[in-house]
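In: quick one, what's the 3D model for this:
(2 chains)
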Number of protein chains: 2
Amino acid sequence: MDFKSYIRDIPDFPEKGVVFKDITPLLKDAKALQAVTNALMDLVEDQRIDKVVGMESRGFFYAPILASRLNAGFVPVRKDGKLPAQKIREAYSLEYGNDSLEIHEDSILKGEKVLIHDDVLATGGTAAAVCELVERLGGQVVQCVFLLQLDALNGTEKLHGYKVTSLLHY
Amino acid sequence: MDFKSYIRDIPDFPEKGVVFKDITPLLKDAKALQAVTNALMDLVEDQRIDKVVGMESRGFFYAPILASRLNAGFVPVRKDGKLPAQKIREAYSLEYGNDSLEIHEDSILKGEKVLIHDDVLATGGTAAAVCELVERLGGQVVQCVFLLQLDALNGTEKLHGYKVTSLLHY
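Out: Take a look at the predicted model:
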């Protein structure tokens, strides 16, 4: 299945000069949803995963499915102020702008094996912040799995030392 | 499994006087994630579903899993300005405040059977707006399935004429 044919470029979104990769045509196609999930599962290391962490909001599309398929729990990392209980925070810079991310303190136990998922690996700032959050809670980042990677932005540099795998490269 | 024991009350979130139902302990528990998904699947009408529509952001947790299990496509309904392509919009009022929701114009085809999912049915304003969006695109709302329903807020009244099913009632 040619996944890239289901992903469309949206010029100047969310701001002028950025070409946004819209994955909603991939999500809305029932066969593509299954095929992508299977392909992402094939990329996941063959070991126990306790928690799958997904980033708000587009990381929430595939991460819960992966958690369900891996018999793991699902943990959302959210933007500032969205999580209601005790949490920790990391600031980060991203392709266009700055932001901060939060995770519930009780979401990951010491020593748990964690898979991190987001839709896109761009500069790696978001994913690096999530790795940091997971490790501050005592979790072990087993792997970061992305749907697509923008190779020119060198996101893997910020994730040096982590196993990084992306299904699609641009 | 006593699902309610995994849901915690957060007083005065997101604003004073509101008691927020935090479902993240339910999501992070691997066994509970499977059990909730199975229980939600048991609630779904035994007929073909073409698309599962989930609402930003907490509707994104279970809706993609349901879509995957039902061999359907997944369609996100998002808040103002988040979807990048051609879209339609509905304004709505919710338990605390006002907002508007958008859906991509090409996300649902005429005559497709649609399951709507969100985490919480409160006043029903959000879900009614989503039903309206789906029908404006020519979709047929087969059922609205919620994780939990706040009975005192009478959300089913705004959804009169639709099949509404909730796993947990408060």
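In: centroid-nearest residue for chain A?
Out: With distances taken as Cα atoms, centre = their mean, the residue of chain A nearest its centroid is residue A:118 (1.6 Å).
In: three-state assignment of that one?
Out: strand (DSSP: H, G, I helix; E, B strand; the rest coil).
In: same check, this time on the one 5 residues further on
Out: Remark: residue A:123 carries the secondary structure label coil [criterion: three-state DSSP].
In: and it, how far from chain B?
Out: Counting by Cβ to the nearest Cβ, to the nearest Å, the gap from residue A:123 to chain B is 19 Å. Just so you know, the C-beta spots here come from the backbone N, C-alpha and C atoms, and that holds for glycine as well.
In: again with residue A:91
Out: Taking Cβ to the nearest Cβ, one finds residue A:91 at 20 Å from chain B.
In: what number of residues lie near that residue?
Out: 11 (other Cβ atoms under 10 Å in any protein chain shown).
In: so residue A:92 sits in a helix?
Out: No: checked against three-state DSSP, residue A:92 lies outside a helix; its state is strand.
In: residues touching it, list them.
Out: For residue A:92, the residues meeting the contact criterion (Cβ atoms under 8 Å, 6 or more residues apart in numbering or on different chains) are A:98-101, A:125-126, A:128-129.
In: which strand residues bridge it?
Out: Per DSSP bridges, residues listed as beta-bridge partners of residue A:92: residue A:99.
In: how near is it to residue A:99?
Out: Distance, residue A:92 to residue A:99, by Cβ to Cβ, to the nearest Å: 6 Å.
In: picking that back up, dump the contacts of residue A:92 into JSON lines; add neighbour count as well.
Out: Supplementary listing: the contacts of residue A:92 in JSON lines, determined by neighbours: other Cβ atoms under 10 Å in any protein chain shown:
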{"residue": "A:98", "neighbour count": "9"}
{"residue": "A:99", "neighbour count": "15"}
{"residue": "A:100", "neighbour count": "12"}
{"residue": "A:101", "neighbour count": "24"}
{"residue": "A:125", "neighbour count": "21"}
{"residue": "A:126", "neighbour count": "26"}
{"residue": "A:128", "neighbour count": "20"}
{"residue": "A:129", "neighbour count": "23"}
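In: hmm, back to that, what is the residue nearest to the centre of chain A paired to in the beta sheet?
Out: Residue A:118 has these beta-bridge partners by DSSP bridges: residue A:146.
In: residue contacts, it?
Out: Neighbour list for residue A:118: A:54-55, A:58-59, A:126-127, A:130, A:144, A:146-147 [criterion: Cβ under 8 Å, 6+ apart].
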